[in-house]
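> Following is a predicted model, sequence given first.
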Amino acid sequence: MKFDALLSQATSVKDRKILDLMDNERASAYSVQADGLLFDYSKTNIDSASRDELLALANDVPAAREAMFSGQKVNETEGRAVLHTALRSFERKVSVDGVDVIPDVQSTLSRMGEFAENVRTGAFVAQGGAVTDVVNIGIGGSDLGPVMAATALSPFHSGPKTHFVSNVDGAHIADTLADLNPATTLIIVASKTFTTIETMTNAKTAWDWMAKDVADPGAQFAALSSNAEKTAEWGIAPERVFGFEDWVGGRYSMWGPIGLSVMLAIGAENFQRFLDGGAAMDTHFLTAQGLDNMPLMLALVGIWHNQGCGYATRAVLPYDQRLLRLPAYLQQLEMESNGKSVSMDGETLPYESGPVVWGEPGTNGQHAFYQLIHQGTRVVPCEFIVAAEGHEPNLEHQHRLLQANCLAQSEALMCGRSLDEARSKVANKFKGAELERQAAHRVFPGNRPSTTLCIPKLTPFTLGQIVALYEHRVFAEGVILGINSYDQWGVELGKELATALGPVMDGTESAEDKDASTQALVSFLTS
């Protein structure tokens, strides 16, 4: 099997202490730097032999990487190119079916910038005056990316207040619209097809809300869609419709029109810096070799922990409150991309695919799930993210405390606390059998792996670097796993069944063709 040698390597060092590897050279030898970022993976059980084996598994990555960047249809199940990278870098010609896509990308970006600046400066006037609030209605990639980026870049906000609605649960849109003025609110509907049921249901609710106060709701709607016919039916003028091609997947789309809400918040210049950060990581990924390639090494560490060591989950732990939504964003990016069980050739995978990705920001997690991470029976590889500098110079002492907590957690995971050390902590309180019992509860197994990504400061540029870093990590892992990271058939069945259940739930059709459990649940919820 493909990962047998890696599994053998991991098994042979399973009981070795990571701390025993930590000589004076390890931190530099097991880290990568790129344009101001530092990725440290020295607190893992990877040694030179296992690293060589990992690099050998990545032999197919360079050719696949070139195929993706050049516009080949690497999304084979849907017959599509994968060109989110073309949305952020115009330095190389990229053709799809013989047509250079860059001019259209540039044109759309220019139109977005013009519209955003008109809204921000008041040149675009809503029916009640200048736009004060923007509501982005989308779901999945049309929500998670923009809401994550808008939250992350809050120090750079200088435009209207941004709000995000995704859940079809009426509570979400009701709570969002409750305190807004319809006459000064701009609604952005983000759906490539303009048929996504959750998004269009919320959009209709927003339309009805706005129609109570303004004469022409369509004049205060913008659409991020390629369905010009549908957007016209909603009365949305073409200059407020921004389309994108099928070679941009939803979870990779905030670099283009799906990022309009972010551009409205931070301005076109800062949005360009975000694109520049992504482009810088693209260049690094394309040119850096082997051990010096940050996305590749991030991917290989993930392969080591998942396919080698058998650790089924990974925790993303940003020590930055403004990266609050990054774990959820990466959850979709990684689990929708690499949560597959079939290889490119349609065969069942004989090994595990992508891991479960989860996490929370900073010290909040320490008082929630870190108990399991430190003392639970399962090993959870942790991916820490921390900035050298915060945005609040008058609160630098708090930022240093934040950094101290981050570094302390990775140190504690690696070093642990032995039974002897635990005894010494409580020897003055307990004796005999009770001392042994109490000490046992205070033992930390240690030898639990983590990585740390250090950034200079959270800015549009560095956020672009981070997002592109993880995008390319997902790509490299997918190549190594031999799967298609760019389709998502797993979301289809539930959608189809939900559509069929709609008439059942509103009482216009019977549930008699459903299983007994579903029938019972329908009866309980509708009786």
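Good, I have the coordinates. Bear in mind the structure is a predicted one, so any value in this text is a computation, not a measurement.
> Now do the strands in this structure.
Assignment of strands within the chain using DSSP state E yields the ranges 31-34, 37-40, 95-96, 99-100, 125-126, 129-130, 133-137, 161-165, 185-190, 221-224, 313-319, 356-358, 382-389, 450-457.
> Flag every buried residue along stretch 13-26.
Residues of stretch 13-26 classed as buried by neighbour count (16 or more other Cβ atoms under 10 Å): 13, 18, 21. Every C-beta, even on glycine, is put in place using the N, C-alpha and C of the backbone.
> which one among those gets closest to His441?
Closest approach to His441 among those (Cβ to Cβ): Ile18, at 23.5 Å.
> so what's that closest one up against?
Neighbouring residues of Ile18 by Cβ atoms under 8 Å, 6 or more residues apart in numbering: 43-45, 414, 447, 449.
> what separates it from Val101, distance-wise?
Separation of Ile18 from Val101 (Cβ to Cβ, to the nearest Å) stands at 46 Å.
> Gly141 now?
Separation of Gly141 from Val101 (Cβ to Cβ) stands at 19 Å.
> same deal with Met22?
Noted for Met22: a distance of 48 Å to Val101, by Cβ to Cβ.
> before we move on, back to that, most neighbours out of the contacts of Ile18, which is it?
The most crowded member of these, judged by other Cβ atoms under 10 Å, is Lys43 (27 neighbours).
> I'd guessed it sits against Gln409; true?
No - Lys43 is not in contact with Gln409 according to Cβ atoms under 8 Å; the separation is 10.6 Å.
> coming back round to it: Throw the strands of the chain into CSV and include mean pLDDT and mean neighbour count, thanks.
Shown next, in CSV, are the strands of the chain (pLDDT from 0 to 100; neighbours: other Cβ atoms under 10 Å):
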stretch, mean pLDDT, mean neighbour count
strand 31-34, 98, 18
strand 37-40, 98, 19
strand 95-96, 91, 16
strand 99-100, 92, 12
strand 125-126, 96, 18
strand 129-130, 96, 12
strand 133-137, 98, 26
strand 161-165, 98, 22
strand 185-190, 98, 27
strand 221-224, 97, 27
strand 313-319, 98, 23
strand 356-358, 98, 19
strand 382-389, 98, 21
strand 450-457, 98, 20
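> Take the ones you listed and write them to a markdown table, including distance to Thr85.
Output for the strands of the chain, formatted as a markdown table (distance: least, Cβ to Cβ, whole Å):
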| stretch | distance to Thr85 |
| --- | --- |
| strand 31-34 | 16 |
| strand 37-40 | 18 |
| strand 95-96 | 13 |
| strand 99-100 | 15 |
| strand 125-126 | 35 |
| strand 129-130 | 36 |
| strand 133-137 | 23 |
| strand 161-165 | 25 |
| strand 185-190 | 21 |
| strand 221-224 | 19 |
| strand 313-319 | 22 |
| strand 356-358 | 22 |
| strand 382-389 | 22 |
| strand 450-457 | 20 |
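> can you tell me which of those comes nearest to Leu372?
strand 313-319 (9.7 Å).
> So which other helices or strands are in contact with that closest one?
Helices and strands touching strand 313-319, by 3 or more Cβ pairs under 8 Å, 6 or more residues apart in numbering; DSSP states H and E, are helix 326-338, strand 356-358, helix 362-366, strand 382-389, helix 396-415.
> got the contact list for that strand?
Strand 313-319 has contacts (Cβ under 8 Å, 6+ apart) with 302, 305-306, 324, 326-327, 330, 355-363, 365, 369, 373, 378, 380-387, 402-403, 405-406, 409.
> Give the residue farthest from the middle of the protein.
Going by Cα atoms, centre = their mean, the residue of the chain most distant from its centre is Gly432, 50.7 Å out.
> mind showing which ranges of the stretch 51-200 of the chain have poor pLDDT?
Counting by pLDDT under 70, the stretch 51-200 of the chain shows no low-confidence range.
> Go again with 90.
Applying pLDDT under 90 to the stretch 51-200 of the chain flags residues 89-93.
> Mind jotting down where the helices sit in it?
Remark: helices assigned in the stretch 51-200 of the chain by DSSP state H, counting those that start in this stretch are 61-69, 102-121, 144-152, 170-177, 197-211.
> List phi and psi for Ser225.
phi -160, psi 160 (degrees, to the nearest 10).
> how many other residues sit next to it?
Ser225 has 25 neighbours, counted by other Cβ under 10 Å.
> Compute the number of surrounding residues for the nearest residue to it once chain neighbours are set aside.
The spatial neighbour of Ser225 that comes closest, neighbours along the chain excluded (Cβ to Cβ, 6 or more residues apart in numbering), is Phe194 at 4.5 Å. Neighbourhood size, Phe194 [other Cβ under 10 Å]: 23.
> so Phe194 makes contact with Ala232?
No - using Cβ under 8 Å, Phe194 makes no contact with Ala232, being 10.0 Å away.
> Select, out of the strands of the chain, the one closest to Ile266.
Proximity to Ile266 (Cβ to Cβ) singles out strand 161-165 among these, at 9.5 Å.
> What pairs with the closest one, parallel or antiparallel?
strand 133-137 (parallel) (DSSP bridges).
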